[in-house]
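Enquirer: curious how this folds, go ahead:
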Amino acid sequence: MTLTPNRSLIDVDRDHLIHPVTSFRGHEARGATLLQSGKGMWLTDMDGKELLDAFAGLWCVNVGYGQESIVEAAAEQMRRLPYATGYFHFGSEPTVRLAEKLVDLSPQGLDHVYFTLGGSDAVDSAIRYIVHYHNAIGRPDKKQFIALERGYHGSSTTGSGLTALANFHRNFDLPRPWQHHIPSPYPYRSDLSDDAAIIARSVQQLKDKVAELGADNVAAFFCEPIQGSGGVIVPPTGWLRAMRDACTELDILFVVDEVITGFGRTGPLFACEEEGVSPDLMTLAKGLTSGYVPMGAVLLSDKVYQGIADGAAPELAIGHGMTYSGHPVSAAVGLEVLRLYTDGGILANGRSVARRFDAGMKAIAQHPMVGDTRGRGLLGAIELVADKATKERFDPALKIPDRLFARGYRNGVIFRSFPDNIIGLAPALCASDGEMDEIFARIHRTLDDLLEEADIRAAIG
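Expert: The predicted structure is shown next:
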């Protein structure tokens, strides 16, 4: 069809572009918010409004916008070799070097890397390799997978069943019969106040689920070190280690999804490092290229790799692949992003400014609408409640999330506004102390604005 010259981009978007995880009819009515440029912590929309991005795009622009060295790395690789397939035993230098770098930087024992286009297909690849592994080692009954309620493991055909959020299941016939969930270790909403008790219950719930399904039938347990899209749920320190040990005892694979938490988001390069945990598989994306180009990865332990490799005759291919796996331009970007984290001081800056982030969270916890603040490093959440004492949630009819995001945007700050009245925060690691203070000042102003609205003030206990 021919587009008329006077049609706005908003109209074209409304008529033709499908947006991720969006109500089709809702988007048609609302229209898109178009962004034009970004620099550091700041975005500018098509109307020229400047915004502080407190969510790093979608948990991913960890080094901030406008890093010229990344643009140069991509352009230089495009000029030299814009594409190289990984099929037929071909490869390219940046892809090989990035794999080596990830193995060097990741938890001990993760020696093999398969590159994907993002987090969803990294999870999907992990599932495929796990199924193949158990067939290859002669344990074909191990086909049941367990994950956490409120967990997020992408929106691929298989991974979205391990995800435990209603939007990703509704009308998709999910979860599949082989996909199971145990309760989230959610301290604020737990009836247990002791961290050790929360951890012990979580371990027991995993053991009970494995016993219910049969230990010889369970393939793997998937988890995030901190549950991102479920509302930034931060388990007690020691939880990840305990779940790793339980999986070893139960003889099931332990898969850690670091798509959000990886690359300095929680402080160290990987959240696993905080508890000395080495998983059997680990999925990565987002901060790997800081969102500048698409790329993800699944890292495999040598045990899993060797099991797959030994399970077939040398002339038989392992039938999993993608056209853009290990794309050389994405790999070149990944190498430069890793350099910025380490030699460029981004990780160190993130750890430094995390103190300001923590102070901002503690201060905003005093607001009348705030029931809980939680986080680690530069990953956090502010949970709003109608009653601090009872932790009662706001009536969904008030549509707090939509109003919250709109007010925040008006005040020049972007954050994640979750359906159950939780503000998600993941500012870039390049933030200054002043910018961090400004983020919280604008969020505080946003909460004050909401509190001035009669129906919300009436709902406060």
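Enquirer: could you find the closest non-adjacent residue to residue 440?
Expert: Taking CB to CB, 6 or more residues apart in numbering as the measure, residue 440 lies nearest to residue 360, with 3.6 Å between them; neighbours along the chain are not counted. C-beta coordinates here come from the backbone N, C-alpha and C atoms, glycine included.
Enquirer: in whatever helix or strand that neighbour lives in, what's buried?
Expert: Secondary structure here is read from DSSP states H and E; on that basis residue 360 sits in helix 346-364. Neighbour-count burial for helix 346-364, with 16 or more other CB atoms under 10 Å as criterion, is recorded at 346-347, 349-350, 353-354, 356-358, 360-361, 364.
Enquirer: my read: the residue nearest to residue 440 touches residue 437, true?
Expert: Yes: between residue 360 and residue 437 there is a contact under CB atoms under 8 Å: 6.9 Å.
Enquirer: residues touching the residue nearest to residue 440, list them.
Expert: 436-437, 439-440 (CB atoms under 8 Å, 6 or more residues apart in numbering).
Enquirer: how near is it to residue 65?
Expert: 21 Å (CB to CB, to the nearest Å).
Enquirer: residue 365 now?
Expert: The span separating residue 365 from residue 65 equals 29 Å under the rule CB to CB.
Enquirer: so between these two, which is more surrounded?
Expert: Using other CB atoms under 10 Å, the more surrounded residue of residue 365 and residue 65 is residue 65, with 22 against 15.
Enquirer: so what's the most centrally placed residue in the chain up against?
Expert: Most central in the chain under CA atoms, centre = their mean is residue 260, positioned 2.9 Å from the mean C-alpha point. Counting by CB under 8 Å, 6+ apart, residue 260 touches 59, 224, 226, 228-229, 286, 379, 426.
Enquirer: and for residue 84?
Expert: Residues touching residue 84, when contacts are defined by CB under 8 Å, 6+ apart, comprise 90-92, 95, 326, 328.
Enquirer: could you rerun that using 6 Å?
Expert: Residue 84 makes contacts with 90, 92, 328, as judged by CB atoms under 6 Å, 6 or more residues apart in numbering.
Enquirer: ok, now residue 291?
Expert: Residue 291 sits in contact with 57, 60-61, where contact means CB under 6 Å, 6+ apart.
Enquirer: quick one: the strands in the stretch 1-150 of the chain?
Expert: Along the stretch 1-150 of the chain, counting by DSSP state E, counting those that start in this stretch, strands occupy 35-39, 42-45, 50-53, 110-116, 144-148.
Enquirer: still on that earlier bit, of the contacts of residue 260, which is the most crowded?
Expert: Comparing the contacts of residue 260 by number of neighbours (other CB under 10 Å), residue 426 comes first, having 30 neighbours.
Enquirer: next one: that residue from residue 33, what distance?
Expert: In this structure, residue 426 and residue 33 are 19 Å apart, going by CB to CB.
Enquirer: what do you get for residue 55?
Expert: Applying CB to CB, the value for residue 55 to residue 33 is 14 Å.
Enquirer: and for residue 114?
Expert: According to CB to CB, residue 114 and residue 33 sit 35 Å apart.
Enquirer: looking at those two, which is more packed in?
Expert: Per other CB under 10 Å, whichever of residue 114 and residue 33 has more neighbours is residue 114, with 25 against 14.
Enquirer: what is the more buried one paired to in the beta sheet?
Expert: Residues in a beta bridge with residue 114, per DSSP bridges, are residue 298.
Enquirer: that one touches residue 298, doesn't it?
Expert: Yes: A contact is recorded between residue 114 and residue 298 when judged using CB atoms under 6 Å, the distance being 5.1 Å.
Enquirer: anything in contact with each of the two?
Expert: residue 125.
Enquirer: where does the residue nearest to the centre of the chain land in three-state SS?
Expert: Reducing the assignment at residue 260 to three states with DSSP: H, G, I helix; E, B strand; the rest coil gives coil.
Enquirer: please read off the pLDDT at it from the model.
Expert: The predicted local confidence for residue 260 comes out at a pLDDT of 98.
Enquirer: what are the phi and psi angles of it?
Expert: With angles defined as degrees, to the nearest 10, residue 260 shows backbone torsions of phi -90, psi -40.
Enquirer: picking that back up, and the helix or strand just after the helix holding residue 360, what does it pack onto?
Expert: Using DSSP H and E, the helix or strand that follows helix 346-364 towards the C-terminus is strand 370-376. With contacts taken as 3 or more CB pairs under 6 Å, 6 or more residues apart in numbering; DSSP states H and E, strand 370-376 sits against strand 379-384.
Enquirer: pLDDT of the strand it packs on, averaged?
Expert: Rounded to a whole number, the mean pLDDT of strand 379-384 is 98.
Enquirer: next helix or strand past it?
Expert: Counting by DSSP H and E, the next helix or strand C-terminal to strand 379-384 is helix 400-410.
Enquirer: near residue 24, how many other residues are there?
Expert: Residues contacting residue 24 under the criterion other CB under 10 Å number 9.
Enquirer: what's the neighbour count on the residue nearest to it when sequence neighbours are not counted?
Expert: Using CB to CB, 6+ apart and skipping the chain neighbours, the partner closest in space to residue 24 is residue 18 (7.4 Å). Other residues within reach of residue 18, judged by other CB under 10 Å, total 8.
Enquirer: could you check how far residue 18 is from residue 209?
Expert: 36 Å.
Enquirer: any stretches of the stretch 351-461 of the chain with poor pLDDT?
Expert: Applying pLDDT under 70 to the stretch 351-461 of the chain picks out residues 461.
Enquirer: Produce a ChimeraX select command limited to the buried residues of the contacts of residue 84.
Expert: What follows is the ChimeraX syntax for the buried subset of those, where burial is set by 16+ other CB under 10 Å:
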select :92,328
